[in-house]
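K.L.:
no sequence on this one, just coordinates:
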């Protein structure tokens, strides 16, 4: 399909036209999970479902540096609350935050000793 024939600026997002039924997409997804050795199912512990990809998309867009407002526009989230629900934080995010804190502390080059503190106190 030529780009001019596609009114959707984001071809990977369904603009409302039917490109396959939910059932057919879900069957394909279930087979793909099985082939990849991934547990599938909403009621299976650790199970993965097609909808989980929305959470993954939000998190990956954020990690790639996209602004929240742009992600919200692409995903159709009109409220901050809904965006936050899909913007999942994972172990990689927490590890990166701790590393940033460590880098910050390494860049702060100062020592404090009791004598310095006592000499700078304001006497009343």
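P.N.:
Yep, that arrived. All values reported here derive from a predicted model rather than from experimental measurement. Numbers count the residues shown, from 1 in each chain.

K.L.:
let me know the helix or strand that residue 44 is in.
P.N.:
Here residue 44, judged by DSSP states H and E, is contained in no helix and no strand.

K.L.:
I'd say residue 57 and residue 83 touch.
P.N.:
No: using CB atoms under 8 Å, residue 57 is not in contact with residue 83, being 11.9 Å away. Just so you know, the C-beta spots here come from the backbone N, C-alpha and C atoms, and that holds for glycine as well.

K.L.:
quickly list what's touching both of these two.
P.N.:
Common contacts of residue 57 and residue 83, defined by CB atoms under 8 Å, 6 or more residues apart in numbering, comprise residue 75.

K.L.:
low-confidence bits of the chain, can you list those?
P.N.:
1-22, 110-124 (pLDDT under 70).

K.L.:
strands of that one, residue ranges please.
P.N.:
For the chain, no strands are identified by DSSP state E.

K.L.:
so what's the gap between the biggest helix by length in the chain and the chain middle?
P.N.:
Looking across the chain with DSSP state H, the single longest helix is helix 91-107. Distance, stretch centre to chain centre, for helix 91-107: 18 Å (CA atoms, centre = their mean, to the nearest Å).

K.L.:
residues in contact with that helix: which ones?
P.N.:
Under CB under 8 Å, 6+ apart, the answer for helix 91-107 is 59, 63.

K.L.:
list the buried residues of it.
P.N.:
Buried positions in helix 91-107, judged by neighbour count with 16 or more other CB atoms under 10 Å: none.

K.L.:
what ranges do the helices span in the chain?
P.N.:
In the chain, the helices defined using DSSP H lie at 22-36, 52-63, 68-75, 80-86, 91-107, 114-119.

K.L.:
show me the one of the ones you listed that comes nearest residue 44.
P.N.:
Taking CB to CB, helix 22-36 is the member of these nearest to residue 44, at 10.2 Å.
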